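1. sequence first, predicted model second:
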Amino acid sequence: MSLYRDEAVVLRRHKLGEADRIVTLLTRHHGVVRAVAKGVRRTSSRFGARLEPGMHVDLQLAQGRSLDVVTQAVTLHAFAEGLVSDYSVYTTATVVLETAERVCGAEHEPATQQHLLLVGAMRALSTRAHDLSMILDSYLLRALAIAGYAPSFDACARCAAPGPHAAFSPAAGGMVCPVCRPGGVAMPAAGTVRLLAALLTGDWAATEQASPSQRREADGLVSAYVQWHMERKLRSLPMLDRGLRGSVESEGAVTGPMLDRGVRGSVESEGAVTGSMLDRGVRGSVESEGAVTGPAGVRR
């Protein structure tokens, strides 16, 4: 078997046999890789703790027919240590890790930008430099942008007419002008649109100026946009700390002035924000800290 080395972030793992595990990794040069880590469930394992979700490791792997085999693991950054100490941080990290696996596509396809963005997100969550919900929303927007689903928050997403525009449609790809505007779209506040644009570009100075209501509104829009373009819900999203997402639990959806009156019934078909698209108790305000620092973990 031929050997190769790469750095990776552990996305998830599950049991195999009596003492082994299958780990899913996002590597820097080989994209998503599934590999067998033999004997890591034994107490005598040399590197079992290094292959926990969220860990950033340097690996040596042996190519196999269906699954590669981990032969060596060296810790680069022990992000998992800072993630598991706080339930809110941990549940946020699980959403980030699941998203990373979803957006990267087929195995062994290079995904360097996604890897660097994920490393930055794990570092931000483990250090908690900014609001947790802002870390998550920034990561989700930027991961989709790298995957080819970048939202437009200035020009019209359909006809490219210069903005600013008042309507947001996940199905259309962002803000839309009055001519292209479909029925049942969200009508976010101007400050919310500026916040979304700042999250996409990593302008953390601008995000810190946003009000709690703008953050909650942006949170709902990001959730709707991500789940629309992924075509299915993230399984880890309902597990987020209810204390973090309490504002939506009390409402069940992003409603009120955000949506055009008289069109809320048709929002779901257009991919906007409704109770059926958002898991109750999933999205809301956060009082913790964290940050996504850029594709390479460096503030842009």
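-> That came through, no problem.
2. pLDDT of stretch 177-189, averaged?
-> The pLDDT scores in stretch 177-189 average 88.
3. first to last residue in that stretch, what's the distance?
-> Start-to-end span of stretch 177-189 (C-alpha to C-alpha, to the nearest Å) is 15 Å.
4. give the buried residues for it.
-> Neighbour counts over stretch 177-189 (16 or more other C-beta atoms under 10 Å) mark C177, C180, R181, P182, G184, V185, A186, M187, P188, A189 as buried. From N, CA and C alone the C-beta is placed, and that goes for glycine too.
5. you'd agree F153 is up against G173?
-> No. In this structure, F153 is not within contact of G173 by C-beta atoms under 8 Å, at 10.3 Å.
6. and these two? Which one has more around it.
-> F153 (24 against 19; other C-beta atoms under 10 Å).
7. so which strand or helix has the nearest residue to the more buried one once chain neighbours are set aside?
-> Excluding its sequence neighbours, the residue lying closest to F153 (C-beta to C-beta, 6 or more residues apart in numbering) is A197, at 4.2 Å. Per DSSP states H and E: A197 is located in helix 190-201.
8. who are the packing partners of that helix?
-> helix 132-146, helix 204-207, helix 212-230 (3 or more C-beta pairs under 8 Å, 6 or more residues apart in numbering; DSSP states H and E).
9. neighbouring contacts of that helix?
-> Helix 190-201 has contacts (C-beta atoms under 8 Å, 6 or more residues apart in numbering) with 134, 137-138, 141-142, 145, 150-151, 153-154, 164, 168, 175, 188, 203-204, 206-207, 210-211, 214-215, 217-218, 221-222, 300.
10. tell me how many other residues crowd E109.
-> Count around E109 with other C-beta under 10 Å applied: 10.
11. same question, L240
-> L240: 26 surrounding residues under other C-beta under 10 Å.
12. got any ranges where this structure has weak pLDDT?
-> Applying pLDDT under 70 to the chain flags the ranges 1, 241-300.
13. how about the helices of it, start to end?
-> Taking DSSP state H, the helices of the chain run over residues 79-83, 87-103, 112-127, 132-146, 190-201, 204-207, 212-230, 246-249, 267-270.
14. quick one: closest of these to R65.
-> Nearest of the helices of the chain to R65, taken as C-beta to C-beta: helix 87-103 at 21.8 Å.
15. and the closest one with helix 132-146, angle?
-> With axes from the mean of the first three to the mean of the last three C-alpha atoms, to 10 degrees defining the directions, helix 87-103 sits at 10 degrees from helix 132-146.
16. ok now helix 87-103, how far from the chain's centre?
-> Its chain's average C-alpha position is 6 Å from that of helix 87-103, according to C-alpha atoms, centre = their mean, to the nearest Å.
17. what residues are up against R12?
-> Taking C-beta under 8 Å, 6+ apart, one finds V23, T24, P53, L97, E98, E101 in contact with R12.
18. closest to P238 out of those?
-> Nearest member of the contacts of R12 to P238, counting by C-beta to C-beta, is E98, at 11.7 Å.
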